[in-house]
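A.B. asks: Just a sequence and a predicted model for now, questions to come.
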Amino acid sequence: MTQAQRTFDVVVLGGGAVGENAADRAARTGLEVALVEGALVGGECSYWACMPSKVLLRPGAVRDAARRTPGVADPGDLDVAAVLARRDEITHHWDDASQADWVASVGITLLRGHARFTGPRALVVESDDGAVEVRARHAVIVATGSQPTIPTVEGLADARPWTSRDATSAQHVPARLAVLGGGVVGCELADAFASLGSAVTLVVRGDGLLAGAEPFAGEAVLESLRARGVRVLLGAQTRRVHRDGAGVHVTLDDEVVTADELLVATGRHPRTRDLGLETLGLEPGAPLDVDDALAVAGLPWLFAVGDVTGRTGTTHQGKYDARVAGDVVAARFGSDEAARTAEAAARPWSRYRASADHAAVPQVVFTQPEVAWVGLTERAAREAGLDVRVVSYELADVAGASVLSPDYSGRAQLVLDAARDDVVVGATFVGPDAAEMLHAATIAVVGELPLARLWHAVPSYPTLSEVWLRFGEVAGL
């Protein structure tokens, strides 16, 4: 039974990092904003994804870097208990009090519970304390994120598999871990648990890893995982799964893989199934289709940001979308006439349009080696009909690499649009600490900079960024 009614200017559904950013931006010009969250404020990234996974990955990377560095004593095996304890600190032991305090400190009202639409700008928020009718005077922003997809494999759901949430919050390291999926999550967590001592088997349906990246990136991660003891099975079809007292048994076409735990990392889908979207004429479970102002087609009061749109699958890009959407909502429905006029006339690459979603989405995979890319891969650029020119360079031949390690190995590649004087449209870096080179490439892609202009951006010596100088030399500058 509904026990209360609340009205706000703007209601944001989802209190993760993306929803927090949208709410903050919308509230900055005086709009009264409510943030609805049914679990932990801070969301997936803070407690089960970006932060804990990187804490689990970092010790292995540091240990192996030390082993590659002459003069540094071998640090030996990782202290698993200490790694898990540090993970617990980073997640605040899954206590969101500090994040909730921040929400209150910026004047946003936090509503605990699960929200469903009952009509345009109307919702009911249900919690253990009862139900509250909530109305938005102006706008609702959906930032409910995504959730793991469990394939329809015989017995899989009944075998109590881990999802990424279970893996990143695990209180023990299984002796044997099987992982289904060769994407970002599967590769990162296979890497992390192998470093922590698990015997890992990575089961991949495709013929390579990291299908969204350049092929050489997936090949480098595959070689590294196998070199560190991970058994990687490519082209493997999972037929059945069952759990018994001996563990979890994954039946493939030609063998049975047995492990103590099974992690399913085969993709994610938008968390829209239980939002009451049918009351708005939208399809439950489907992504919310938005324009570059992040407004849902045909519903000028409804906005969506982050994974729920299907446009992006990273926290950083979702937060970018959230900043844009929050600014659009503040301009359209706030009292600042100048902002309203500017938003109405907004063009691509303004603060009111999420133009980067189409051309400059950065991605980092924190495996060993790290993989970082932005913009178009060579294949995507060719499929888009661009006049593609590719420039690549072995990072081991950069002076800065020899400072890091005598056996540094990595590769960098630019994808250029030759028809526009070699404008950079994509870049990929593979190697230890390669992620730190990505932002320069992101700036180049966003700025639509030609390589000849970047020739004048002098890299410091001796750093890995000297590869930008080598790109120019290879290109004939």
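C.D. replies: Cool, the structure landed.
A.B. asks: first vs last residue of stretch 22-39, how far apart are they?
C.D. replies: 18 Å (CA to CA, to the nearest Å).
A.B. asks: Next, the buried residues of it.
C.D. replies: 22-27, 29, 31-39 (16 or more other CB atoms under 10 Å). In this view, the C-beta of every residue, glycine as well, is placed from N, C-alpha and C.
A.B. asks: min pLDDT across those, which one?
C.D. replies: Of all the buried residues of stretch 22-39, residue 29 has the smallest pLDDT value, namely 88.
A.B. asks: and residue 211, how many residues sit next to it?
C.D. replies: Residue 211 has 12 neighbouring residues, counting by other CB atoms under 10 Å.
A.B. asks: Distance check, the one residue sitting closest to the centre of the chain against residue 405.
C.D. replies: Against the mean C-alpha coordinate of the chain, by CA atoms, centre = their mean, the closest residue is residue 314 at 2.5 Å. Distance, residue 314 to residue 405, by CB to CB, to the nearest Å: 28 Å.
A.B. asks: same question, residue 325
C.D. replies: Separation of residue 325 from residue 405 (CB to CB): 43 Å.
A.B. asks: of those two, who's got more company?
C.D. replies: Looking at residue 325 and residue 405 with other CB under 10 Å, you find the greater number of neighbours at residue 325, namely 31 against 18.
A.B. asks: Now that residue 26 has come up, it's in contact with residue 324, right?
C.D. replies: No - applying CB atoms under 8 Å, one finds residue 26 not in contact with residue 324, separated by 11.2 Å.
A.B. asks: Tell me the secondary structure of residue 321, please.
C.D. replies: When classified by DSSP: H, G, I helix; E, B strand; the rest coil, residue 321 comes out as helix.
A.B. asks: For the nearest residue to it once chain neighbours are set aside, give me its contacts.
C.D. replies: Ranked by CB to CB, 6 or more residues apart in numbering and with sequence neighbours excluded, the top spatial neighbour of residue 321 is residue 305, at 4.2 Å. Neighbour list for residue 305: 18-19, 22, 141-143, 294, 318, 321-322, 324-325 [criterion: CB atoms under 8 Å, 6 or more residues apart in numbering].
A.B. asks: quick one: contacts for the residue nearest to the centre of the chain?
C.D. replies: By CB under 8 Å, 6+ apart, the neighbours of residue 314 are 361-363.
A.B. asks: same thing but 7 Å
C.D. replies: Residues near residue 314 by CB atoms under 7 Å, 6 or more residues apart in numbering: residue 363.
A.B. asks: and it, backbone torsions?
C.D. replies: Phi and psi for residue 314, reported as degrees, to the nearest 10, are phi -130, psi 150.
A.B. asks: Nearest to residue 449 among the buried residues of stretch 22-39?
C.D. replies: Of all the buried residues of stretch 22-39, residue 25 has the smallest distance to residue 449: 28.1 Å, by CB to CB.
A.B. asks: Now do the SS call for residue 273.
C.D. replies: Using three-state DSSP, the structure places residue 273 in coil.
A.B. asks: Could you find the closest non-adjacent residue to it?
C.D. replies: According to CB to CB, 6+ apart, the nearest residue to residue 273 is residue 285 (4.2 Å).
A.B. asks: wait, the one you found sits on residue 272?
C.D. replies: Yes - in this structure residue 285 lies within contact range of residue 272 using CB atoms under 7 Å: 5.8 Å.
A.B. asks: which one of these two has more residues nearby?
C.D. replies: Comparing residue 285 with residue 272 by neighbour count (other CB under 10 Å), the higher total belongs to residue 272, at 25 against 13.
A.B. asks: Residues contacting the helix or strand harbouring residue 341, please?
C.D. replies: In the assignment (DSSP states H and E), residue 341 maps to helix 337-344. With CB under 7 Å, 6+ apart as the test, helix 337-344 has contacts from 328, 330-332, 352.
A.B. asks: Just the buried residues from those, in ChimeraX please.
C.D. replies: Of the contacts of helix 337-344, the buried ones go into a single ChimeraX selection, burial set by 16+ other CB under 10 Å:
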select :328,330,331,332,352
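A.B. asks: now the contacts of helix 337-344 in TSV, with distance to residue 369 and secondary structure?
C.D. replies: Output for the contacts of helix 337-344, formatted as TSV (distance: CB to CB, whole Å; DSSP: H, G, I helix; E, B strand; the rest coil):
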residue	distance to residue 369	secondary structure
328	39	helix
330	42	helix
331	43	helix
332	45	helix
352	38	coil
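A.B. asks: Output the contacts of helix 337-344 as JSON lines; include the columns distance to residue 87.
C.D. replies: Formatted as JSON lines, the contacts of helix 337-344 follow (distance: CB to CB, whole Å):
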{"residue": "328", "distance to residue 87": "37"}
{"residue": "330", "distance to residue 87": "36"}
{"residue": "331", "distance to residue 87": "40"}
{"residue": "332", "distance to residue 87": "41"}
{"residue": "352", "distance to residue 87": "38"}
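A.B. asks: how about stretch 219-236: buried residues?
C.D. replies: In terms of neighbour count (16+ other CB under 10 Å), stretch 219-236 has its buried residues at 219-222, 224-225, 230, 232-233, 236.
A.B. asks: what's the offset of stretch 234-250 from the middle of its chain?
C.D. replies: Put simply, stretch 234-250 sits 28 Å off its chain's centre (CA atoms, centre = their mean, to the nearest Å).
A.B. asks: nope, stretch 52-64 is what I was after
C.D. replies: 17 Å.
A.B. asks: List of residues touching that stretch?
C.D. replies: By CB under 7 Å, 6+ apart, stretch 52-64 touches 75, 78, 83, 86-87, 90-91, 168-169, 188-189, 191-192, 195, 366, 368.
A.B. asks: Out of those residues, which comes closest to residue 440?
C.D. replies: When the contacts of stretch 52-64 are compared against residue 440 (criterion: CB to CB), the nearest one is residue 366, at 18.6 Å.
A.B. asks: how many other residues sit next to the closest residue in space to the closest one that isn't next to it in sequence?
C.D. replies: Leaving aside its sequence neighbours, residue 366 sits nearest to residue 57 (CB to CB, 6+ apart; 5.0 Å). By other CB under 10 Å, the residues close to residue 57 number 23.
A.B. asks: so residue 57, which of the three states?
C.D. replies: Three-state call for residue 57 (three-state DSSP): helix.
A.B. asks: Could I get the phi/psi values of residue 189?
C.D. replies: Taking degrees, to the nearest 10 as the convention, residue 189 sits at phi -80, psi -30.
A.B. asks: sorry, that was for residue 410
C.D. replies: As for residue 410, its main-chain torsions (degrees, to the nearest 10) stand at phi 180, psi 170.
A.B. asks: what about the helices in the stretch 51-200 of the chain?
C.D. replies: 80-90, 97-105, 164-168, 184-195 (DSSP state H, counting those that start in this stretch).
A.B. asks: now the stretch 201-350 of the chain
C.D. replies: Taking DSSP H, counting those that start in this stretch as the test, the helices found in the stretch 201-350 of the chain are 215-227, 315-333, 337-344.
A.B. asks: between these, which gets nearest to residue 175?
C.D. replies: Closest to residue 175 of these, according to CB to CB: helix 215-227, at 18.1 Å.
A.B. asks: Please work out which residues outside that closest one touch it.
C.D. replies: 187, 190-191, 202, 208-210, 232, 367-369, 371, 411, 428, 430.
A.B. asks: The helix or strand of the chain with the lowest mean pLDDT pairs with which strands?
C.D. replies: Every helix and strand of the chain was ranked by mean pLDDT, DSSP states H and E. The lowest is strand 2-13, at a mean of 88. Strand 2-13 has the following strand partners under DSSP bridges: strand 33-37 (parallel), strand 130-142 (parallel).
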